[in-house]
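S.K.: sequence below, structure please.
(chains A and B)
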Amino acid sequence: MLQLQALRQNTQAVKDRLAIKNFKNIEWIDEIIAMDDERKRLQLDSDTAQSKINAASKEIGQLMAKGQREEAETKKQEVVSYKSLLQPIAEKLEQVEKELNDKLVLLPNLPAAIVPAGKTPADNVVVREGGNKPSLSKDAVPHWDLIKKYDIVDFETGAKITGSGFALYKGQGAKLQRALSHYFLDFNTAAGYTEYLPPLMVNEATAYGTGQLPDKEGQMYYMPEDNFYMIPTSEVPVTNIYRDEIVKEESLPIKMTAFSSCFRREAGSFGKDVRGLNRVHQFDKVEIVQLVHPDKSYDTLDEMVQHVEKLLNSLELPYRILRLCGGDMSFASAITYDFEVFSAAQEKWLEVSSVSNFETFQTNRMKIRFKDSDGKTKLVHSLNGSSLALPRIMACLLENNQEADKINLPAALHPYFGAAFIS
RNA sequence: GGAGAGAUGGCAGAGCGGUUUAAUGCGGCGGUCUUGAAAACCGUUGACCCAAAAGGUCCGGGGGUUCGAAUCCCUCUCUCUCCGCCA
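M.R.: Got it, this is the predicted structure:
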């Protein structure tokens, strides 16, 4: 959620920035400011009325103590009249506050200055590429054939058990998932991240905190009996660990990592790029999250990008890093770098990580703050990134390293997988 | 799932209808003393709305009763104890 103060102080800049994000209702900014003006007026009126009521009530107490019942009764009538004045003001105030908040909550985060303008993924900017694309033999096949050949992922049985888009990992496939998640977690904790294993369902307040609600409930699986949502990423529970807390400045940065399964309905995204492991409803991912001092968040962003890059290098996969354009960024993000690996047999770039700085957008919703050296309470900045999403990494490992009768694995995984290849 | 108890400031814990603008203790911060530290003593110590002052809001969340609610009522959530079920 954007800060009202910023809207008021930098009105034109906010409008310009929102335009880069292709936000359609720019006129909302002026409407919100007008509502806030009204809110302030009503607040003042309400406070004044309440103040009179409080003072009179106190007098009644004193009169009663002295046994002056009649005077007390007169005062009571006075308070009743104050209250009838207050009531319509209070109702109006509540209504204005609600309307204001409903609109404010639907404003996306402002893109950072270096975010390129643009509407579609075609407008994203390639920052750099790394690793080497393999030269596959003419017999090379995509991963959906390889998983059958080695019998390591079974989508048919997954569909039988649950539905389309639910993978059943088996044998070496299941073990590779385990190896990847352990390797990723070890890699992250070695860099100072504290490991968490969070709940996979969250309540409304948590889903609201990171920006999933109110706008994206259609993307999450929902349990109506308990009013819980299945998490689309562990970013949601992990970032909310510090919701409603004022942390000590010296405890920053707070670095957290978590493995979790992720659940996404992927409503409306079917038809393209959904084969095999490219897009599924349930997948595993290791996430990194940081809560940092506002002055440091862009340094942290670079640090996290480098961290993920190092991890991809250790997996010996060809990758590229994209700076997303305004139109392709998520609702809550101020800047996002996407990491894609090249899946050689399907000749496609697959997104395996997305590293973002949310600045105060999430922490303003969650009220995660710290006290600075002047004793002022300020919002921290939140960032997160995948390190990494497992299925697409697996697809890429399978395709890029395939030989006639085996699939080689990068050296980093050997101790975790217990072998150098899948056969 | 059943029965009972509870939720108060960073923590502990009193208050159970009107000097609570929330006692007291611990912790934190500042000071006195000390070569320094500890102890002792003194002072100070939350968040939110408002440009600020004044004022207002906040005792788990929401609603109600009342001139007045931390205190009474309803409801929801969570915690604890016992019983039941269960990996």
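S.K.: going by C-alpha atoms from here, please, whenever you check contacts or count neighbours.
M.R.: Noted.
S.K.: all helices for the stretch 251-400 of chain A, in order.
M.R.: A:297-314, A:361-366, A:390-400 (DSSP state H, counting those that start in this stretch).
S.K.: report the angle between the axes of the first one and helix A:390-400?
M.R.: Regarding helix A:297-314 and helix A:390-400, their directions subtend 40 degrees when assessed with axes from the mean of the first three to the mean of the last three CA atoms, to 10 degrees.
S.K.: outside of helix A:297-314 itself, list whatever touches it.
M.R.: A:130-131, A:184, A:187, A:292, A:319, A:337, A:353, A:355-357, A:359, A:381-383, A:385-388, A:410, A:412 (CA atoms under 8 Å, 6 or more residues apart in numbering).
S.K.: and these, which of them are buried?
M.R.: A:131, A:184, A:187, A:292, A:319, A:337, A:353, A:355-357, A:359, A:381-383, A:385-388 (16 or more other CA atoms under 10 Å).
S.K.: can the helix or strand harbouring residue A:81 be said to contact RNA strand B?
M.R.: For residue A:81, the element it lies in under DSSP states H and E is helix A:69-104. Yes: residues of helix A:69-104 are located near RNA strand B by CA under 7 Å from any atom of the strand, namely A:76-77, A:79-80.
S.K.: among the residues you listed, which ones are buried?
M.R.: A:76, A:79.
S.K.: which non-adjacent residue is nearest the residue in the stretch 251-400 of chain A that RNA strand B sits nearest to?
M.R.: Across the stretch 251-400 of chain A, no residue is closer to RNA strand B than residue A:377, which sits at 5.4 Å (CA to the nearest atom of the strand). Excluding its sequence neighbours, the residue lying closest to residue A:377 (CA to CA, 6 or more residues apart in numbering) is residue A:371, at 4.5 Å.
S.K.: and the one you found, how many neighbours?
M.R.: 16 (other CA atoms under 10 Å).
S.K.: dump the residue contacts of it.
M.R.: A:246-249, A:377-378.
S.K.: give me the pLDDT for it.
M.R.: For residue A:371, the model assigns a pLDDT of 85.
S.K.: tell me the spacing between it and residue A:380.
M.R.: Remark: distance between residue A:371 and residue A:380 (CA to CA, to the nearest Å) = 10 Å.
S.K.: ok, back up a step: could the contacts of residue A:371 go into a markdown table alongside neighbour count and pLDDT?
M.R.: Shown next, in a markdown table, are the contacts of residue A:371 (neighbours: other CA atoms under 10 Å; pLDDT from 0 to 100):
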| residue | neighbour count | pLDDT |
| --- | --- | --- |
| A:246 | 16 | 88 |
| A:247 | 17 | 88 |
| A:248 | 11 | 85 |
| A:249 | 16 | 86 |
| A:377 | 14 | 88 |
| A:378 | 19 | 90 |
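S.K.: what's the nearest residue to the residue nearest in space to the middle of chain A if we skip its chain neighbours?
M.R.: By CA atoms, centre = their mean, the mean C-alpha position of chain A lies nearest to residue A:210, the distance being 4.9 Å. Nearest residue to residue A:210 in three dimensions, chain neighbours excluded: residue A:362, at 5.2 Å (CA to CA, 6+ apart).
S.K.: quick check, that neighbour in contact with residue A:209.
M.R.: Yes: contact criterion CA atoms under 8 Å: residue A:362 and residue A:209 qualify, at 6.1 Å.
S.K.: pick out whichever of those two has more residues nearby.
M.R.: Taking other CA under 10 Å, residue A:362 and residue A:209 do not tie; residue A:362 has more neighbours (28 against 23).
S.K.: check contacts around the more buried one.
M.R.: A:1, A:209-211, A:332, A:382.
S.K.: give me every residue in chain A lying close to RNA strand B.
M.R.: A:40, A:43-44, A:46-48, A:50-51, A:53-62, A:64, A:76-77, A:79-80, A:376-377.
S.K.: give me the buried subset of the residues you listed.
M.R.: Using 16+ other CA under 10 Å, the buried members of those are A:43, A:46, A:50, A:53, A:56-57, A:59-60, A:76, A:79.
S.K.: and those residues as a markdown table, adding distance to residue A:12 and pLDDT?
M.R.: Converted to a markdown table, those look like this (distance: CA to CA, whole Å; pLDDT from 0 to 100):
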| residue | distance to residue A:12 | pLDDT |
| --- | --- | --- |
| A:43 | 26 | 89 |
| A:46 | 31 | 89 |
| A:50 | 37 | 88 |
| A:53 | 42 | 88 |
| A:56 | 46 | 86 |
| A:57 | 47 | 86 |
| A:59 | 50 | 84 |
| A:60 | 52 | 84 |
| A:76 | 51 | 82 |
| A:79 | 46 | 84 |
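S.K.: give me the subset of these that lies in helices.
M.R.: A:43, A:46, A:50, A:53, A:56-57, A:59-60, A:76, A:79 (DSSP state H).
S.K.: greatest separation within those: which pair is it?
M.R.: Distances among these were taken as CA to CA; the most separated pair is A:43 and A:60, at 25.6 Å.
S.K.: can you give me the strands in the stretch 301-423 of chain A?
M.R.: Ranges of strands in the stretch 301-423 of chain A, per DSSP state E, counting those that start in this stretch, are A:319-323, A:335-343, A:348-359, A:369-371, A:377-379, A:381-389, A:407-408, A:421-422.
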